[in-house]
Each structure stands twice: as C-alpha cells, then as structure tokens.
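Asker: Dropping the sequence and predicted coords here.
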Amino acid sequence: MQPIRLGIMGFGRVGRQLYQLAVQDERFDVVAISDIGIAGILHNLLTKTDHDLDVNLENNYLVSERGRTRLMSINRPTETPWDVFEVDVVIEATGRFCQLADLTPHIENGAARVVLSALPEEEIDRVILYGVNEADASAADQIISAGSASTTATALALKIITDAFAVEQATMTSVHAYTSDQSLQDYAGPDYRRSRSGAKNIIPNVTPALHWVQKVFPELDGKLTAYALNVPVQVGSMLDLTIAFSEPDIDEDAFNQLFINAEKERPELFKTTDDPIVSSDVKGIHQSLLVDLLGTMKAGDRMMKMLGWHETLGHSKRILDVVGVYADLGYHSKKETF
C-alpha cells in the first residue's frame, strides 16, 4: 500500500506532534502543511520541541529523510490547494475550524477526507474515539473527528469500567493544562471566566466531552455529568472520574486490576503507575490514559474515584490511528484506495 498523503492545517503543538510522529511512520507521507506562521519560525519551533528530529528548511520546504513537505502561508480552508499536492487526508489541527462550513472546503479543494483533531461544534459524519468505537467507521465518511485527549481518556476509562460493572451514575472533571486560545493576561473576551489570565488562574469551564461520550455510550445517557478546570500548567492534564455502581462492595484492588489488565492487552492505549507522579511527569507519554493507581479511592459501598493522566502526544498518535482506520476502508467516492 502506498503511503497516505497527509496535509496538516495548523502547525501548533498538535500539528508539530503530528508531523514528528508521521515522518517516523512509513504509513504516512506529510506532503503539505498550512499555517499563517513564517516558515523559518515554524521550523525553529519544530526543532526546538524535538531535538532528535533531523529536519532542514529549504526555501518553503521541510526536508527530512522521508521527503519534502511544503509549507504554505494560508489562513482559511477555502484557500488550501490540496489537489496540487494530491493530498489524501487533511488533518485540521488549528482548533479553530470545527463546523461543517469550515471543513467542507478541504474536500472541495481536493482531499478525500478531513480528520478533525478536536471535537466538532455540530454533527459531522463520525466521531471516532480510537480504542472505543473505531469499528463504527464507514468508507462513506468524509468529515471525521478524532475527539480530544480528555474525551478519549474518559471514553477508554468508561469502556473498561462498564464492560466489568453496571454503572448507576458517573461524574467527570477534566483538569486541563492551559490552551493556546487562552490569554496570558486578563482581557475582555466573549466568556467571563475565559477572559481571565490562563497563566494566573484556575478557570472553571464547560466541556463538550459529555455530549460525545454519551453518544458513544448511549446506555449512559442521562447518567453522566462533566466539568472542566483549566489550570496554569503547560503540559499534563488529568481525568478525575467518580463512579457510582449499581452493585455494592467493589474492591479498590479489583478496580485497579481492570486497568492493569487493559495495559497488558492494549499497551498502546493504556498505562498504569503506582509512582507518585505529578503533571510534569506526564510529558511524552504516548498512551491515551495513564491510570494513577494511587489515586483510586473507594467512598462507601458503591462509589469509586479514579485519576488518569494524559497529554497531547497521546492524542496526536490516536489521530493518526484514526487516519489509519479509514485508510484500511478505502475511499467511498473520490478515490478508490489510498
């Protein structure tokens, strides 16, 4: 099978991680990147965040052992000439374009599929949380979301738990590192709390994860609640999940063993630790869920709290896994195979 010709829109943290991972994976060939940044600065940021990556800048091309990648200074999806580069799949990694009206132009401009690195703001063809519902993928899907790091972590945890126990209620708090759309200083934005400095405050926030997790687990519809806190750390986010079970007397050790077993079965997705780690220790993990075994806590007969860690590198790997799932399905309309 020929490598999947990738286009990446947005060369921020996730975009750079996608490039770094893809150039080391023979399944992919990153042929074009669209970002409004200056080519020299984009290359500088890339090499500063991965010192082992041997990539040179030649004119407007990133050049590695795997080939050449065109850097395009383009601001909107409507302007991207993916057809010129024979792009198979565009990964939308800006975090700004999450509606169909913004994503459809990628298809119109030559891509066979678009994979969104964030959650969509409206219904699209499919949301795939890799490790949970990739079997639902269809060759007819053109606009797909690979979810988010916190959504995938939550869904993976719930899959392991609900496969073993009946769940009465659950509540999730996403304790999330600050994001690039937050301001360093207070400013008058559209949201009262997110107008405050992300570097100086713990900011309560809503999360769209609840809606999409319940779509994946319809049996939990109405049984889940979710909240988010953006905290002033750069790397490392936490899932705080509390579950109320239908049956009493579930043991902490038995609960932890579920995730120890999951790590053995799917080591690319799960990791466990009994080390007393903190958020900065999570940098560089490629799994989607690192279960903190020391954080498991039983409350009464039916309630259990667990802690899980994640960071964007794991999510970037899952995005590429989703692209791979669709590569195996081939194309429904525009192209027959990758």
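Answerer: Received it, and whenever you're ready, just let me know what you need. Bear in mind the structure is a predicted one, so any value in this text is a computation, not a measurement.
Asker: May I ask you to confirm that Tyr326 belongs to a helix?
Answerer: Yes - per DSSP: H, G, I helix; E, B strand; the rest coil, Tyr326 lies within a helix segment.
Asker: And the helices in this protein?
Answerer: 13-22, 39-49, 100-108, 149-164, 209-216, 252-265, 312-329 (DSSP state H).
Asker: helices or strands next to the fifth one in the packing?
Answerer: In this structure, helix 209-216 makes packing contacts with strand 126-127, helix 149-164, strand 167-177, strand 224-231, judged by 3 or more Cβ pairs under 8 Å, 6 or more residues apart in numbering; DSSP states H and E. Every C-beta, even on glycine, is put in place using the N, C-alpha and C of the backbone.
Asker: Nearest to Leu45, out of those?
Answerer: strand 167-177 (17.7 Å; Cβ to Cβ).
Asker: ends of stretch 82-93, how far apart?
Answerer: 15 Å (Cα to Cα, to the nearest Å).
Asker: ok now that stretch, how far from the chain's centre?
Answerer: Chain-centre distance of stretch 82-93: 19 Å, with Cα atoms, centre = their mean, to the nearest Å.
Asker: quick one: contacts of it?
Answerer: 4-12, 14-15, 18, 31-32, 70, 77, 80, 103, 106, 109-118, 319, 323, 326-327, 335, 338 (Cβ atoms under 8 Å, 6 or more residues apart in numbering).
Asker: And the average pLDDT for it is what?
Answerer: Regarding stretch 82-93, the rounded mean pLDDT is 96.
Asker: quick revisit: show me the contacts of stretch 82-93 that map onto strands.
Answerer: Among the contacts of stretch 82-93, the members found in strands (DSSP state E) are 4-9, 31-32, 70, 113-116.
Asker: what ranges of the stretch 1-150 of the chain fall below the confidence cut-off?
Answerer: 50-51 (pLDDT under 70).
Asker: Make CSV from the helices and strands packed on helix 209-216 and add distance to Thr242 and mean neighbour count to it.
Answerer: Below are the helices and strands packed on helix 209-216 laid out as CSV (distance: least, Cβ to Cβ, whole Å; neighbours: other Cβ atoms under 10 Å):
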stretch, distance to Thr242, mean neighbour count
strand 126-127, 24, 22
helix 149-164, 11, 23
strand 167-177, 5, 20
strand 224-231, 10, 18
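Asker: Save the ones you listed as a markdown table, and put in distance to Val213 too.
Answerer: Rendered in a markdown table, the data for the helices and strands packed on helix 209-216 read as follows (distance: least, Cβ to Cβ, whole Å):
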| stretch | distance to Val213 |
| --- | --- |
| strand 126-127 | 10 |
| helix 149-164 | 5 |
| strand 167-177 | 8 |
| strand 224-231 | 7 |
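Asker: Quick one: closest of those to His310.
Answerer: helix 149-164 (4.5 Å).
Asker: Run through the bridge partners of Arg126.
Answerer: Ile144 (DSSP bridges).
Asker: OK, contacts around it?
Answerer: Contacts of Arg126 by Cβ under 8 Å, 6+ apart are Asp136, Ala137, Ser138, Asp141, Ile144, Ser145.
Asker: quick one, domains of this protein?
Answerer: Residue ranges for each domain of the chain read 4-124, 150-311, as given by automatic domain parsing.
Asker: So for Gly131, which of those domains sits nearest?
Answerer: Of these, nearest to Gly131 by Cβ to Cβ is domain 150-311, at 4.6 Å.
Asker: can you tell me the distance between the two ends of the closest one?
Answerer: Span of domain 150-311 from end to end, Cα to Cα: 9 Å.
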